[in-house]
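S.K.: Would you be able to build a 3D model of this:
(one chain, ligands or ions: 1)
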Amino acid sequence: MDIRPVINQDTENTSGPGEGGKLRLEHINLYYGNFQAIKDLSLDIPSCGITALIGPSGCGKSSALRIFNRMNDLIPIARVEGLAEFDGVNIYDRNIDVVELRKRIGMVFQKPNPFPMSIFDNIAYGPRRHGIRKKQVLEEIVEQSLRRAALWDEVKDKLGQSGLSISGGQQQRLCIARVLAVEPEVILMDEPCSALDPIATLKIEDLMRQLAPQYTIVIVTHNMQQAARVSDQTAFFMVDEERSGQLVEYGPTTEIFTNPRDKRTEDYITGRFG
Ligand SMILES: Nc1ncnc2c1ncn2[C@@H]1O[C@H](COP(=O)(O)OP(=O)(O)OP(=O)(O)O)[C@@H](O)[C@H]1O
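M.R.: Next comes the predicted model:
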């Protein structure tokens with residue numbers, strides 16, 4: 001299948017960053033009831049590395065992110081038209097197992113949301129649901145996931161304590177470890193640092209860079225410095241006169257931030273609006 005970048009005919013600057021898209025949207029329209037929140041979105045996200053979705057409030061970044069693991073299914077009035085693919089497979093195909101999809105495409109939310117159970121059980125929860133019962137195997141998964149999430153050293157002596165008893169930054173890394181425990185290929189992050197202080201934020205950013213070679217990470221962020229610091233590609237969205245979100249420009253982060261092709265991108269990243 002041809003999964004080369006899709007060029008949006010309306011705006012010559014929107015395109016994919018290269019061959020081998022892991023996630024692909026083609027001519028996506030997303031509605032909440034009668035309101036069109038996303039208009040004609042085409043986007044190719046390559047395998048591995050970090051893609052940032054940026055743009056002013058209400059331009060559809062979170063809605064776009066939620067297409068990839070069908071979280072919009074949970075909103076009764078949401079409706080998606082167009083093609084969304086994961087490794088060339090139609091995400092909205094009738095035969096897709098959504099539980100399996102969300103295992104392969106994990107999600108980290110704005111507010112850390114550990115389950116009200118021990119740190120160990122938070123991580124073991126997903127693997128147990130997927131049928132892993134052996135204590136030793138679960139212990140290995142818990143340790144490996146916490147190590148990958150750069151949290152092991154801080155919690156290894158208190159695995160039995162509640163996941164809610166650690167700091168906000170640690171809780172967010174616990175949530176990332178929980179996602180890693182089910183061996184996803186993609187990690188979606190919706191403003192993962194907005195509830196964190198600057199030091200905890202930098203730790204999450206370091207962690208994201210550590211994970212980037214093995215995982216396809218898509219992050220929604222309001223923080224342009226964060227997008228510039230961590231991401232490899234950046235997609236800039238804006239609303240049109242009908243308040244519908246549209247992709248304005250997509251490309252390597254260095255180009256978007258140093259040499260944007262669209263005046264609207266330049267205005268946004270230089271703080272002239274938004
Ligand atoms: N569940 C919903 N029901 C109805 N409208 C919604 C819903 N979720 C989002 N919207 C609307 O869709 C549009 C896009 O919202 P979305 O949250 O995707 O934008 P965003 O760019 O992520 O915004 P922000 O940066 O403020 O989080 C907005 O106009 C919003 O009000």
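
S.K.: Every contact and neighbour count from this point should use C-alpha atoms.
M.R.: Fine.

S.K.: What residues of stretch 128-138 count as buried?
M.R.: Leu138 (16 or more other CA atoms under 10 Å).

S.K.: so how far is the first residue of that stretch from its last?
M.R.: 8 Å (CA to CA, to the nearest Å).

S.K.: same question, stretch 193-204
M.R.: End-to-end for stretch 193-204, by CA to CA: 7 Å.

S.K.: So which bits of the protein are right by the ligand?
M.R.: 32, 37, 56-63, 75 (CA under 6 Å from any ligand atom).

S.K.: Repeat the analysis, applying 5 Å as the threshold.
M.R.: With CA under 5 Å from any ligand atom as the criterion, the chain meets the ligand at residues 32, 37, 57-63.

S.K.: just the helices in the stretch 1-150 of the chain please.
M.R.: 61-68, 98-104, 119-129, 135-148 (DSSP state H, counting those that start in this stretch).

S.K.: Let's have those in TSV, adding mean pLDDT.
M.R.: Shown next, in TSV, are the helices of the stretch 1-150 of the chain (pLDDT from 0 to 100):
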stretch	mean pLDDT
helix 61-68	98
helix 98-104	95
helix 119-129	97
helix 135-148	96
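
S.K.: Those helices: which one's closest to Asn223?
M.R.: Nearest to Asn223, of all the helices of the stretch 1-150 of the chain, is helix 61-68, at 12.9 Å by CA to CA.

S.K.: Work out the gap between the closest one and the centre of the chain.
M.R.: 8 Å (CA atoms, centre = their mean, to the nearest Å).

S.K.: try stretch 115-122
M.R.: 23 Å.

S.K.: Which ChimeraX command selects the buried ones in the residues of the chain next to the ligand?
M.R.: Buried residues within the residues of the chain next to the ligand, by 16+ other CA under 10 Å, are selected in ChimeraX with:
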select :32,37,59,60,61,62,63
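
S.K.: for the residues of the chain next to the ligand, which one is nearest Lys158?
M.R.: Among these, and counting by CA to CA, the member closest to Lys158 is Ser62, at 34.2 Å.

S.K.: Spit out the contact partners of the closest one.
M.R.: Ser62 makes contact with 190, 220, according to CA atoms under 8 Å, 6 or more residues apart in numbering.

S.K.: Now render the helices of the stretch 1-150 of the chain as TSV, adding distance to Leu174.
M.R.: Formatted as TSV, those follow (distance: least, CA to CA, whole Å):
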stretch	distance to Leu174
helix 61-68	21
helix 98-104	16
helix 119-129	8
helix 135-148	7
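
S.K.: Which of these sits closest to Gln225?
M.R.: Using CA to CA, the helices of the stretch 1-150 of the chain put helix 61-68 closest to Gln225, at 16.8 Å.

S.K.: returning to that earlier point: farthest-apart pair in the residues of the chain next to the ligand, please.
M.R.: Between any two of these (CA to CA), the greatest distance is 16.4 Å, for Tyr32 and Ser57.

S.K.: what about the helices of the stretch 1-150 of the chain, which gets the closest to Ser165?
M.R.: Taking the helices of the stretch 1-150 of the chain one by one with CA to CA, helix 119-129 is closest: 9.1 Å.

S.K.: could you give the angle of the closest one to helix 135-148?
M.R.: Here helix 119-129 runs at an angle of 120 degrees relative to helix 135-148 (axes from the mean of the first three to the mean of the last three CA atoms, to 10 degrees).
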